[in-house]
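In: Fold the stuff below for me.
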Amino acid sequence: MRRPLGVLTALLLAVTLLAAAGPAVAGRDGGSTAAAPAARGVLPPLPTAPEGDVAGVNDWGCRPTARRPVPVITVHGTIGDRRHLLEGLQQAMLDRGFCVFSPDYGNRGLGEISKSARQLKAFTQRVLRATGARKVSMVGHSQGGMMPRYYIKFLGGAKVVDDLVGIAPSNHGTALTQGGESNLLADVVGLLCRACVQQGAGSQFLARLNRGDETPGRVSYTQITTRYDEVVVPHTSGYLARGPRTTNVTIQSLCRSDLREHLFIPLSPTTIEITLDALTREGPARIRPALGC
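Out: Numbers count the residues shown, from 1 in each chain. Got it, this is the predicted structure:
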């Protein structure tokens, strides 16, 4: 099968540039620690958002209210960080009265996804302790929409996650790297970005994640995609199995003129409105014209 060398080359270039950008790195709970020496064959820790958080995000003194009893955790994607591309979503949730938290994980999401899910679990437990809440909701972009499903399915997250909103989530991987764990190029890419290989359609990781019930627990699942996605291909692979607690929606079905693709879909007003609908009601988001342009 042909492999898109251009896409992977661009990824490696981006990772290389990030590695040279600075020494800060996310700690286990989403904070920043000093850079550690690189292990053999592994990237050194990559820098995170140098300007810090949006005002109000990661406020460990925030207390949920009767109107907004469930804090929200935003989860970045591969080569992302806890702030960039998520600012609009975070501000919209803060404006609606939510306590909002956001971790860095997995060395900008490049690492083993199961390990990133364990970091998310630790961060969630910290949020629950700090806020006194019984549950959290999660809103994630790309890998950040898929990775929490590992936490939910295998690490006990089904007991504490109320809503999971996946924005262009890599739930069934991407055809760009189909069968991605079993070829020489994937081995090379995997040295720099293990998560990239695991997100290839047909990977062992995704086969295990999606085996059986794709939407376990009493979690409400909302999956938001864009038909212009150039990473999660086809974009409908971001959908989850239909069910009473699952909503699958493509933003262009509500706003035909919205041209945002994979990278910028979190900034879409349609995406933000769908997300807020999911977070402010019982169950997943409803598909209705009011969520359009």
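
In: Please enumerate the strands of the stretch 101-250 of the chain.
Out: In order along the chain, the stretch 101-250 of the chain carries the following strands (DSSP state E, counting those that start in this stretch): 136-141, 161-167, 220-225, 246-250.

In: can you put those in JSON lines and add mean pLDDT, mean neighbour count and distance to Gly77?
Out: (Each C-beta comes from the backbone N, C-alpha and C, glycine too.) Compiled in JSON lines, the strands of the stretch 101-250 of the chain are given as follows (pLDDT from 0 to 100; neighbours: other Cβ atoms under 10 Å; distance: least, Cβ to Cβ, whole Å):
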{"stretch": "strand 136-141", "mean pLDDT": "98", "mean neighbour count": "27", "distance to Gly77": "5"}
{"stretch": "strand 161-167", "mean pLDDT": "98", "mean neighbour count": "27", "distance to Gly77": "9"}
{"stretch": "strand 220-225", "mean pLDDT": "98", "mean neighbour count": "27", "distance to Gly77": "13"}
{"stretch": "strand 246-250", "mean pLDDT": "98", "mean neighbour count": "20", "distance to Gly77": "18"}
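
In: Would you map the helices across the chain?
Out: Secondary structure of the chain (DSSP state H): helices at 5-19, 87-95, 106-109, 113-131, 143-154, 184-192, 194-198, 204-210, 269-279.

In: lowest-confidence stretch among those helices?
Out: Set side by side, the helices of the chain give their lowest mean pLDDT on helix 5-19, at a mean of 45.

In: Could you point out which of the helices of the chain sits nearest Ala241?
Out: Ala241 sits nearest to helix 204-210 of all these, at 8.8 Å, using Cβ to Cβ.

In: How about residues contacting that closest one?
Out: The list of residues contacting helix 204-210 from outside it, by Cβ atoms under 8 Å, 6 or more residues apart in numbering, reads 113-114, 146, 149-150, 153, 171-173, 181, 198-200.

In: ok, those vs Arg83, which is closest?
Out: Distances from Arg83 to the contacts of helix 204-210, taken as Cβ to Cβ, are shortest for Met146 (20.1 Å).
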